[in-house]
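1. Sequence and predicted structure are below.
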Amino acid sequence: MTEWINFHHLRYFWMVAREGGLRPAAEKLNVSPPSISSQIHELEDALGEKLFRRAGRANVLTEAGQIALRYADEIFGLGRELTSAIKQRPTAKALRLHVGVADSFPKLVTQQILQPVFAMPQAVHVICREGKVHDLLTQLAAHRLDVVLADEPAPGGLKFRVFNHPLGESSVTFCAGPRLATALRKGFPRSLHQAPALMPADGTGLRRSVDRWLSSLGIAPRVLAEFEDAALMKVMAADGRGFIPVPTIVVQEAIDRFSLRAIGATEKCREQFFAITADRRIHHPAVAVITSAAGGKAA
């Protein structure tokens, strides 16, 4: 006779293991700790193994509990995927695509990457969320995002598997307001030494690339401000505050929209663009359109 697991009991065990104890799990589930404890005991009886053991005043997972947790993670992860897949199934209703966009990712590049999605036969409703890469990857792991667009690959050591799909790269052009650009154009790039600079935030892919290139030439600009928002950085540069680095692929936008002028460009300084996806058993058709031209590489 087949033995069936009570998934209600398994969910209570999963929440206690994830939250680190009965009390925080009870608060999340809005039930009493004794009720949770009772149902975990029923699960242990059904499995014939203890899932927790006492260690001082805390409950820690036994070896059987660790195995159960791994399976529970996969079971409830598949449950979230099922819900997502049902909501996104081909119907007259628009397909929903949740896209995370790193703060430092050029908006024009985002628009270019998403263009093929809007050309799909099925209507697509795109929801874009901006933020820091780490926060967006956390949302990707929790199935709240389908793909993350970033100017750097996902870091190693994540607790879930992701794929970095290279979408392309661009050289970098340095720009400034008309008066400053005219002054710095002569003698570029040496003219950037001690010149007022407005830079992308520390830790972004573009900032690291620019810093490496300038350092290799012995050039040290006078950094006046750093920005997570690339549009705000361009607004400040248009006011004549300092020069900025701009991916060459979007430099025309900086010229047309913000009245900036090019100082000079370099191929030795590059910004890369990636689509980051999680390891899913059910694949989102719109994400496939975005990554179809990219070679996925596991992080």
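-> Right, received. Where do you want to start? Residues are numbered from 1 along each chain as shown.
2. all strands in the stretch 151-299 of the chain, in order from the N-terminus.
-> Using DSSP state E, counting those that start in this stretch, the strands of the stretch 151-299 of the chain run over 162-176, 196-200, 222-227, 244-247, 261-278, 297-298.
3. need the helix or strand of this structure with the lowest average pLDDT.
-> The helix or strand of the chain with the lowest confidence, counting by mean pLDDT, DSSP states H and E, is strand 297-298 at a mean of 43.
4. still on that earlier bit, looking at the strands of the stretch 151-299 of the chain, spot the one closest to residue 41.
-> With C-beta to C-beta as the measure, strand 261-278 is the member of the strands of the stretch 151-299 of the chain nearest residue 41 (34.4 Å). Using the backbone N, CA and C atoms, a C-beta is placed for each residue, glycine as well.
5. Pull the closest one out as CSV, backbone CA atoms only.
-> What follows is strand 261-278, C-alpha atoms only, in CSV (Å, rounded to 0.1, in the frame of the first residue of the first chain):
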residue,chain,number,x,y,z
ARG,A,261,29.3,66.5,-25.7
ALA,A,262,31.7,63.7,-26.2
ILE,A,263,35.3,64.2,-24.9
GLY,A,264,36.8,60.9,-26.1
ALA,A,265,36.2,57.2,-26.2
THR,A,266,38.2,54.0,-25.4
GLU,A,267,37.8,50.4,-26.4
LYS,A,268,39.9,49.3,-23.4
CYS,A,269,37.1,50.3,-21.0
ARG,A,270,34.0,48.1,-21.5
GLU,A,271,30.6,47.7,-20.0
GLN,A,272,28.9,44.3,-20.2
PHE,A,273,25.2,43.5,-20.2
PHE,A,274,23.7,40.3,-18.8
ALA,A,275,20.4,38.6,-18.4
ILE,A,276,20.4,36.5,-15.2
THR,A,277,17.9,33.7,-14.8
ALA,A,278,17.3,31.1,-12.2
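6. how far does the helix or strand harbouring residue 148 sit from the chain's center?
-> According to DSSP states H and E, residue 148 maps onto strand 147-150. Distance, stretch centre to chain centre, for strand 147-150: 5 Å (C-alpha atoms, centre = their mean, to the nearest Å).
7. contact partners of it?
-> Residues from elsewhere that reach strand 147-150, judged by C-beta atoms under 8 Å, 6 or more residues apart in numbering: 97-102, 105, 109-110, 113, 133, 136-137, 140, 154, 167, 205, 273-277, 284, 287, 290-291.
8. how about a cut-off of 6 Å?
-> Under the contact criterion C-beta atoms under 6 Å, 6 or more residues apart in numbering, strand 147-150 has outside partners 99-102, 105, 110, 133, 136, 140, 274-277, 287.
9. and the longest helix for the protein?
-> Scanning the chain for the helix with the most residues, using DSSP state H, yields helix 63-87.
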